[in-house]
Structure formats: structure tokens, C-alpha cells
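Novice: make a model of this:
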Amino acid sequence: MNEDLRVSRAGGAFRVGLVQMSCSTDPQENQEKAVERAREAARQGAEIVCLQELYRSQYFCREESAELFDLAETVPGPSTEALSKAAKEHQVVVIVPIFEKRARGLYHNSAVMIDATGELLGIYRKMHIPDDPLFFEKFYFTPGDLGFKNFNTRYGRISTLICWDQWYPEGARLAALGGADIVFYPTAIGWHPAEKAEFGAAQRDAWRTIQRAHAIANGVFVAAVNRVGYEGPPYKGGNEKSGLEFWGSSFICDPFGQVIAEASEADEQIIVAECDPRKAEEVRRNWPFLRDRRIDAYGPILNRWND
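Specialist: I've put the predicted structure just below:
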């Protein structure tokens with residue numbers, strides 16, 4: 001697909017597919033499963049398909065172990081080779097979140113953008129890196145150094161951020177200012193089993209709410225894709241070092257924050273929804289947040305803290 005055709009196609013309605021799945025301890029098995037689910041999403045009419053964060057393995061950041069760096073892959077590498085073939089065959093854009101080995105001793109939590117031709121359009125590297133119990137990502141990942149990027153695909157202009165990025169309004173705003181039609185958030189988030197009964201509903205609701213708020217504040221479509229299943233050693237009551245129960249709930253919402261497709265909390269699922277940029281135009285005309293921004297007064301936001 002040449003650039004002229006890609007740009008001329010962009011701007012119309014497009015269909016998004018999210019692949020929500022559980023992962024085994026076998027990277028090859030997960031890769032084959034994801035390729036087949038991406039193909040199935042395309043057969044269901046999806047034109048842009050997004051996989052979940054670190055799709056090729058279980059969420060290994062539950063512990064700190066140097067041996068787990070062996071899970072990383074290069075770009076190009078196994079994931080891009082397999083999913084580029086599927087993208088080209090089905091004429092579908094695929095967002096592929098991977099554990100990227102950039103160089104010896106230098107690793108990122110990344111997402112590769114593959115166009116409907118199978119061409120690699122570029123990489124986004126996760127900018128915000130968490131460090132919490134069972135989410136020890138700072139041990140593995142160097143913060144991204146490519147900034148907040150948008151990519152022109154055959155079907156629309158997209159931006160991809162990753163998991164912890166979803167709690168920061170700045171990233172979503174920069175994506176919107178860069179002309180994104182939709183912001184994707186591939187994710188691996190779940191409950192500490194000991195906390196689920198007391199805090200679980202509120203945690204999931206906060207996760208959903210913040211991303212819907214990004215859609216509303218910026219007048220863009222937002223798509224969040226999470227994994228499902230329990231990963232880690234069997235939970236024993238009171239053992240805070242047990243595994244994580246991922247809460248699924250992948251969803252797509254429109255520029256008004258209305259959820260137009262949503263997956264379950266526990267089941268593997270593919271969801272597909274149509275996204276029409278004309279909806280963003282309609283919302284932004286009536287809620288002109290971008291028009292009324294006071295860009296002359298926002299300098300202090302670049303400070304760590306304003307004393």
C-alpha cells in the first residue's frame with residue numbers, strides 16, 4: 001500500500017478488534033494462539049487488531065529474576081515475522097506488544113505497529129514504568145525514549161500507549177494533539193487476590209474510568225485490551241507474594257466516553273467495534289476542550305512539583 005492510498009483511506013470509519021486471552025508459560029504457544037486470534041478478529045471484520053501487553057509470555061514482572069530476560073526478543077524477531085505475515089494475508093493492521101531486546105543489557109516494554117501490508121511502521125516504547133508489589137517493571141524495562149508517537153496506517157491514524165501510561169493524562173493529550181483517531185492501551189492489570197474482596201471493584205472501576213476520561217477530554221476513541229486468568233503460585237490466604245488475577249474487561253469507547261464494546265472479566269474473547277472519526281468531529285464541536293486550552297499558562301506542568 002503506497003503512502004497516497006494510505007492517506008486517502010484514512011479518515012473514514014474503521015473497525016477495531018481487541019484480542020483478550022490468557023497466557024501459558026510457553027512463548028511459542030502464546031504466539032501461535034495470538035496469531036490465530038488476530039486472524040479470527042480479521043475474519044470478524046476488524047481492520048486494526050491490538051494484542052495485550054507482553055502477549056508472548058505470562059506477566060513475568062511478578063518477580064525479579066535475571067533469567068527472565070531470556071524472554072525478550074528483537075525487532076525484527078519472532079513476533080514481527082509471524083504477525084507481519086498474518087497482517088499481509090488478511091490486510092489488517094496489527095499492534096504487537098513485546099518484551100523488546102534493543103541491545104545487550106538494554107530492554108524495553110514496547111509495541112510494534114504493523115501495517116496492513118505487513119510493513120513495520122515503527123515502535124512505541126513504554127514511557128511510564130511502574131514498581132509495585134508483583135509489578136516489578138523497573139527491574140526489566142528502560143523507560144521509553146521515542147516519545148509519544150502517532151502512526152499513519154491504511155485505516156487511520158493511531159497512537160499506542162502501554163498499561164501504566166494509561167494513568168497519565170499527558171500521554172493521551174499528546175496523542176490527540178498529534179492527530180490520533182484512536183488511542184490503544186495494551187495492558188496487563190489485575191488483582192492481588194488478598195485485595196480483591198475489599199478493593200477489587202473500585203480498582204477495576206478506576207481503571208475503566210480514567211481511560212474513558214481520556215476519550216472525553218481529548219475527543220478520541222480509546223481501546224484498552226487486557227489479559228485474563230490467574231498467573232503465579234497458587235494463592236494461599238494471607239500470602240501477599242502470590243500471583244495475580246487479571247481482570248480482562250477489555251473495552252472500546254467513543255469520543256464521548258461511551259463504551260461501545262466490552263469483554264468479560266474472566267473469559268478469553270475477541271471484541272470488534274466500528275470507530276468513525278466523524279464522531280470525534282461532532283464531539284469536539286460541542287465540547288471544544290482543545291479550542292479553550294490555555295497553552296500560555298501551562299508551563300509549570302513541566303516541573304516535578306510546584307512549591
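Novice: packing partners of the host helix or strand of residue 229?
Specialist: Assigning secondary structure by DSSP states H and E places residue 229 in strand 228-231. Packing partners of strand 228-231 (3 or more CB pairs under 8 Å, 6 or more residues apart in numbering; DSSP states H and E): strand 244-247. Backbone N, C-alpha and C define where each C-beta goes, glycine included.
Novice: would you mark the buried spots in the strand it packs on?
Specialist: Neighbour-count burial for strand 244-247 flags 244, 245, 246, 247 (criterion: 16 or more other CB atoms under 10 Å).
Novice: so who does the first one touch?
Specialist: Contacts of residue 244 were listed using CB atoms under 8 Å, 6 or more residues apart in numbering, and they are 59, 62, 134, 190, 191, 192, 193, 230, 231, 232.
Novice: just the buried ones from the residues you listed?
Specialist: Applying 16+ other CB under 10 Å to those, the neighbour count classes 59, 62, 134, 190, 191, 192, 193, 230, 231, 232 as buried.
Novice: from residue 133, how far out is the second one?
Specialist: This points to residue 62. As judged by CB to CB, to the nearest Å, residue 62 and residue 133 stand 9 Å apart.
Novice: joint contacts of the two?
Specialist: If you check residue 62 and residue 133 against CB under 8 Å, 6+ apart, no residue is contacted by both.
Novice: can you report how many residues lie near residue 142?
Specialist: The local packing of residue 142 (other CB atoms under 10 Å) involves 17 other residues.
Novice: ditto for residue 123
Specialist: Neighbour count of residue 123, defined by other CB under 10 Å: 21.
Novice: now residue 222: closest residue in space that isn't a chain neighbour?
Specialist: Taking CB to CB, 6 or more residues apart in numbering, and ignoring the residues beside it in sequence, residue 222 has residue 215 as its nearest neighbour in space, at 4.2 Å.
Novice: surely the one you found and residue 252 touch.
Specialist: No - the pair residue 215 / residue 252 is not scored as a contact, 9.5 Å apart, by CB atoms under 8 Å.
Novice: so what sits against both of these two?
Specialist: Listed as contacting both residue 215 and residue 252 by CB under 8 Å, 6+ apart are 221, 222.
Novice: isn't residue 251 right next to residue 208, touching?
Specialist: Yes - between residue 251 and residue 208 there is a contact under CB under 8 Å: 7.0 Å.
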